[in-house]
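In: the following comprises the amino acid sequence and a computationally predicted model.
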Amino acid sequence: MRKILLVLAMIAAAWGVAYPKDIDRKWWKEAVVYQLYPRSFKDSNGDGVGDLRGIIQKLDYIKSLGVDVVWLNPIYESPNDDNGYDVSDYRAIMKDFGTMRDFDELVKGLHARRIKLVMDIVVNHSSDEHEWFKQARSSRTSPYRDYYYWWPAEKGTPPARWSLFDPKHDAWMYDAPTDSYYLHIFSRKQPDLNWSNPKLRQEVYSIMRFWADKGADGFRLDAFQFVAKDPKFPPLAEGLEPSLMGYSMGAGIHDYLKEMNREVFSKYDVMSVAEGAGRNFQDAHDLVDADRQELNMAYAFEGVDVARYGGYKLSTMKEVFSRWDREFADRGWLSIFLANHDKARMVSLWGNDKPEFRAYSSKLLSTFILTMRGTPYYYNGDELGMTNAGFGRIEDFRDKPLLYIYEYEKNSGGDLGKFLERAKFEARDNARTPFQWTAGAQAGFTTGNPWIKIAPNYREINAAKEEKDPNSPLNYFRRLTRLRRDNLVLVYGKYKLLDPPNEAVYAYTRELDGKKMLVLLNFSDQPATAATGVDFAKAKIALGNYAAPSKDGKLRPYEAVVYDLQK
Ligand code: NOJ
């Protein structure tokens, strides 16, 4: 193999194809990550829930996308209070999803196709049904007591801590058997693990090594910015909004990551990314700069959070993404994404899901993700332009944390109509409806009853139909991954924003070693142009989302064009 590589390198050198020498090339920088939500991808046994064998059936489809890494949302044993983000056994596969043999076959199938696997590690909290917690809550002297945070009731009410998913937004839950409160910053069934306990930390590293030994190529650390807490729970600084950020990035977090790096990451060729990137750039750099020996890349939310219920301004999006790019131009590495399993569907949130614009705007958003600097994280179903499901009744929602907050609203006299109106647009369930494979029964996802309703538009939007259309979002996405693979400039090249105040067109160039590309994205439903100063006579079209892309920079609604700028 090494010989072949050497020969290839010699041939490349002879032809004058040189790779830039001064960039720090890494596979995880050049990879396109495909985020796969197992519960909703493909059901192989008719129980209405997606599973590992379903993914195995679709491996060739995944390969055909041209992605390099699959990030799987949690697949461990879980009572599913939060769809797997409440783990009751970190070394077992969730029964709904299959068996360990299925997992081994899946890894083999991915690797045979040269696709890597990133596992989701959920260790800010476990499930309350985990053996550790069962032991811990049974007695104050249990050896597992210190795996969690407790506040003995004789000390009075614990200092206020805010919970995201609790029906009272109270992070402390009274537990009668030991007359104490336990901490849960997510749901009551997700007690927080005590990271100040070295024994707990070693358990986690050993779990991670278990999966790396089984073939995992990377880890996404769920909610990791919240792991470090002061076990004394001092009162929070006054004026802090009731939010999790008030106690994120606690002292000790960097020591834990350095330790994890020594104990796990340094022993394998794995990629590492934590959910969230701290409170500011300094935090983000401290998490990911190469000399820190902590994580590989930041997964920061400021960008994705620009799009909200009620809309967003394009100039704000540009400002935020450009600021993050600038900050990471020389040090550290970013993730680029516009969607995931916690957000509304990309095209509904960022684009325009009206029938006449849906495909164009979805292809435009894909163009953005695949032509920015940073590792693209692309959410399954977005390659089809899948939209929000638009559930209007509370009975249709399956996301338990959403139902907990609904309960909070109900008990605190909130406006439930407004709540539902917002949920219809931005609830996480929008991104979790089954993958639309065909126009047939249950969109080809299952032969049974799906665990959550299929989005009503599956007859118009489905993979089978898009396979046949060369201009479909699906086939366009395949061209995009190829374009990125063939143009290192799109991975490492310098990014420059053009015409920043333009509220219709997002325009930028990418440049590396004499190669320059221009990306024009019309985010509006009207014709538009941008002041780029580019001589289009010399520009070559590399890709466009209309059958005949604009040759002169005059863009139609939601038109996206990538140009090769000849020098
Ligand atoms: C972030 C995950 O992405 C989300 O789905 C989950 O509910 C919380 N962390 C809690 O684990």
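Out: Received the coordinates, thanks.
In: quick one: buried residues of stretch 489-501?
Out: V489, L490, V491, Y492, G493, Y495, L497, L498, D499 (16 or more other Cβ atoms under 10 Å). The C-beta positions use only the backbone N, C-alpha and C, and glycine is treated the same way.
In: what does stretch 218-228 give?
Out: Buried positions in stretch 218-228, judged by neighbour count with 16+ other Cβ under 10 Å: G218, F219, R220, L221, D222, A223, F224, Q225, F226, V227, A228.
In: which residue is nearest the centroid of this protein?
Out: With distances taken as Cα atoms, centre = their mean, N340 lies nearest the centre of the chain, 4.5 Å away.
In: now that residue. Nearest residue, chain neighbours left out?
Out: Closest residue to N340 in three dimensions, ignoring its sequence neighbours and counting by Cβ to Cβ, 6 or more residues apart in numbering: Y379, at 5.4 Å.
In: related to what we said a few turns ago, now, the buried residues of stretch 218-228 that are in strands?
Out: Using DSSP state E, the members of the buried residues of stretch 218-228 that fall in strands are G218, F219, R220, L221.
In: and the second one, how far from V505?
Out: Relative to V505, F219 is positioned 38 Å away (criterion: Cβ to Cβ, to the nearest Å).
In: how about the residue nearest to the centre of the chain, what does it touch?
Out: Residues in contact with N340 (Cβ atoms under 8 Å, 6 or more residues apart in numbering) are Q35, V304, Y377, Y379, A431.
In: near the ligand, from the buried residues of stretch 218-228?
Out: Of the entries in the buried residues of stretch 218-228, those that also sit close to the ligand under the rule Cβ under 6 Å from any ligand atom are D222, A223.
In: adding distance to G310 and pLDDT, write the buried residues of stretch 218-228 out as a markdown table.
Out: As requested, those are arranged in a markdown table below (distance: Cβ to Cβ, whole Å; pLDDT from 0 to 100):
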| residue | distance to G310 | pLDDT |
| --- | --- | --- |
| G218 | 36 | 98 |
| F219 | 35 | 98 |
| R220 | 30 | 98 |
| L221 | 31 | 98 |
| D222 | 28 | 98 |
| A223 | 27 | 97 |
| F224 | 30 | 97 |
| Q225 | 27 | 95 |
| F226 | 28 | 95 |
| V227 | 33 | 97 |
| A228 | 34 | 96 |
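In: low-confidence stretches in this protein?
Out: Along the chain, the model assigns pLDDT under 70 to residues 1-21, 238-242, 567.
In: E294 in helix, strand or coil?
Out: Taking DSSP: H, G, I helix; E, B strand; the rest coil as the rule, one finds E294 in the coil state.
In: sorry, back to before: of the contacts of N340, list those near the ligand.
Out: Contacts with the ligand within the contacts of N340, as defined by Cβ under 6 Å from any ligand atom: none are present.
In: among the residues you listed, which ones are in strands?
Out: Counting by DSSP E, those place Q35, Y377, Y379 in strands.
In: which member of the ones in strands among the buried residues of stretch 218-228 is positioned nearest K108?
Out: Taking Cβ to Cβ as the measure, G218 is the one of those closest to K108, at 17.1 Å.
In: give the contact list for that closest one.
Out: W28, V69, W71, K116, L117, V118, M119, V270, M271, S272, V273.
In: partner residues bridging it?
Out: Beta-bridge pairing of G218, defined through DSSP bridges, involves V118, M271.
In: remind me, longest helix of this structure?
Out: The residue-count maximum for a helix in the chain (DSSP state H) belongs to helix 198-213.
In: packing partners for it?
Out: Packed against helix 198-213 by the contact rule (3 or more Cβ pairs under 8 Å, 6 or more residues apart in numbering; DSSP states H and E) you find strand 89-93, strand 116-121, helix 253-263.
In: dump these into TSV; add distance to I207 and mean neighbour count as well.
Out: Below are the helices and strands packed on helix 198-213 laid out as TSV (distance: least, Cβ to Cβ, whole Å; neighbours: other Cβ atoms under 10 Å):
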stretch	distance to I207	mean neighbour count
strand 89-93	5	17
strand 116-121	8	23
helix 253-263	11	18
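In: could you dump the ones you listed into a markdown table and include distance to N80?
Out: What follows is the helices and strands packed on helix 198-213, written out as a markdown table (distance: least, Cβ to Cβ, whole Å):
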| stretch | distance to N80 |
| --- | --- |
| strand 89-93 | 13 |
| strand 116-121 | 14 |
| helix 253-263 | 27 |
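In: looking at these, spot the one closest to the ligand.
Out: Closest approach to the ligand among those is made by strand 116-121 (8.0 Å; Cβ to the nearest ligand atom).
In: can you list phi and psi of the residue of the stretch 351-500 of the chain found nearest the ligand for me?
Out: Closest approach of the stretch 351-500 of the chain to the ligand (Cβ to the nearest ligand atom) occurs at P401, with a separation of 6.1 Å. Its backbone dihedrals place P401 at phi -50, psi -40, with angles given as degrees, to the nearest 10.
In: contacting residues for the nearest residue to it once chain neighbours are set aside?
Out: Spatial nearest neighbour of P401, excluding adjacent residues (Cβ to Cβ, 6+ apart): F165 at 4.0 Å. Neighbour list for F165: D82, F186, S187, Q190, K400, P401, Y404, I405 [criterion: Cβ under 8 Å, 6+ apart].
In: again, only using 7 Å
Out: F186, S187, P401, Y404 (Cβ atoms under 7 Å, 6 or more residues apart in numbering).
In: now, these that are in helices?
Out: The helices in this structure, assigned by DSSP H, contain P401, Y404 from the contacts of F165.
In: so which of the contacts of F165 is the most crowded?
Out: Neighbour counts for the contacts of F165 peak at F186, which has 26 neighbours (criterion: other Cβ atoms under 10 Å).
In: without its sequence neighbours, what residue ends up closest to that one?
Out: Using Cβ to Cβ, 6+ apart, the closest residue to F186 is F165 (4.9 Å).
In: now the one you found, what's its secondary structure?
Out: Remark: F165 carries the secondary structure label coil [criterion: three-state DSSP].
In: any idea how far D429 is from it?
Out: In this structure, F165 lies at 14 Å from D429, with Cβ to Cβ as the measure.
In: can you pull the contacts of the closest residue to the ligand within the chain?
Out: Going by Cβ to the nearest ligand atom, the ligand is nearest to Y85 of the chain, at 3.4 Å. By Cβ under 7 Å, 6+ apart, Y85 lies in contact with P74, V122, D222.
In: what about the helices in the stretch 401-550 of the chain?
Out: 416-426, 463-468, 473-486, 488-492 (DSSP state H, counting those that start in this stretch).
In: returning to that earlier point: dump the contacts of G218 to a markdown table, plus distance to the ligand.
Out: Supplementary listing: the contacts of G218 in a markdown table, determined by distance: Cβ to the nearest ligand atom, whole Å:
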| residue | distance to the ligand |
| --- | --- |
| W28 | 20 |
| V69 | 17 |
| W71 | 11 |
| K116 | 20 |
| L117 | 18 |
| V118 | 13 |
| M119 | 14 |
| V270 | 20 |
| M271 | 18 |
| S272 | 16 |
| V273 | 12 |
